[in-house]
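[1] Pasted the sequence and its predicted model underneath.
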Amino acid sequence: MRLRHVALLAIVLSIVFPALLIIKPHLRSTPQAGQGEGIVPLPEPRLTGGMSVEEAIAKRRSIRSYRDEPLTLEELSQLLWAAQGITDWKRKYRSAPSAGPTYPFEIYAVVGNVRGLSPGIYRYDPFRHALIELRKGDFRRELQKASLNQEWVGEAPLDIVLVAFYERTTRVYGERGIRYVHMEAGHIGENIYLEATSLGLGTVAVGAFDDERVAEILGTLGSPLYIFPVGVPSG
């Protein structure tokens, strides 16, 4: 009888465990009761704007010089929603396509000058459309040093960092999942570019940095893949 129970348990686990791997990204970010401290709700994202997709594509440029002006909380809300916001609440689909969908990315905001928001490091929670405060203070210059001293990283009022957790995708797709994660980084990055353009802002994709140092600044166990400084273009 004992052997039968063990065999039955093995069969159940073989069915349940793969399913849990697929839904884990959704469960991980689901709001839990009592987690109200350090949470900054964001304004609801607008689903219409004054610039067409075609115009945003035509005007998209890499911008590395920004005015010394703050961003608004509404602009930050739109940028983060474009990166990973929920677009289908029934299926929990997000703004960028993902293999599986396994959603291997966490989006971090290194805030220096956003009106109505204290400087600090925040993680975006797409299910609450809110920021989770992780560290207080202005870390832009530290991030600049970790990015081979690219000054636009330190001068932009905001840096959006894409952090990958490869295992969310590789557990489903094996080694091929690494490629899928990198593809998804491109999807998210282009969304940030187009949203910034439609808002009259500028950004640039930064891929040259010390991975371990950036992860240390953010306090994450994931792998940083992209940094997007965002600000009002100076020219």
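    Cool, the structure landed.
[2] In contact with the closest residue to residue 210 other than its chain neighbours, which residues?
    Nearest in space to residue 210, with sequence neighbours left out and distances taken as CB to CB, 6 or more residues apart in numbering, is residue 146 at 4.9 Å. For every residue, glycine as well, the C-beta is placed using N, CA and C. By CB atoms under 8 Å, 6 or more residues apart in numbering, the residues touching residue 146 are 209-210, 213-214, 217.
[3] how about 6 Å then?
    Each residue near residue 146 by CB atoms under 6 Å, 6 or more residues apart in numbering is listed here: 209-210, 213-214.
[4] List only those of those flagged as buried.
    Among the contacts of residue 146, the ones that count as buried by 16 or more other CB atoms under 10 Å are 209, 214.
[5] Tell me the one of the contacts of residue 146 nearest residue 115?
    residue 214 (25.7 Å; CB to CB).
[6] So the closest one belongs to a helix, correct?
    Yes. Counting by DSSP: H, G, I helix; E, B strand; the rest coil, residue 214 falls inside a helix.
[7] Quick check, it in contact with residue 223.
    No. Using CB atoms under 6 Å, residue 214 is not in contact with residue 223, being 9.4 Å away.
[8] Look up how far residue 217 lies from the residue nearest to residue 210.
    Separation of residue 146 from residue 217 (CB to CB, to the nearest Å) stands at 6 Å.
[9] Same question for residue 60.
    Distance from residue 60 to residue 217, by CB to CB: 28 Å.
[10] These two - which one has more neighbours?
    Neighbour totals were compared for residue 60 and residue 217, and residue 217 leads with 21 against 16 (other CB atoms under 10 Å).
[11] secondary structure element for the more buried one?
    Using DSSP states H and E, residue 217 falls within helix 211-218.
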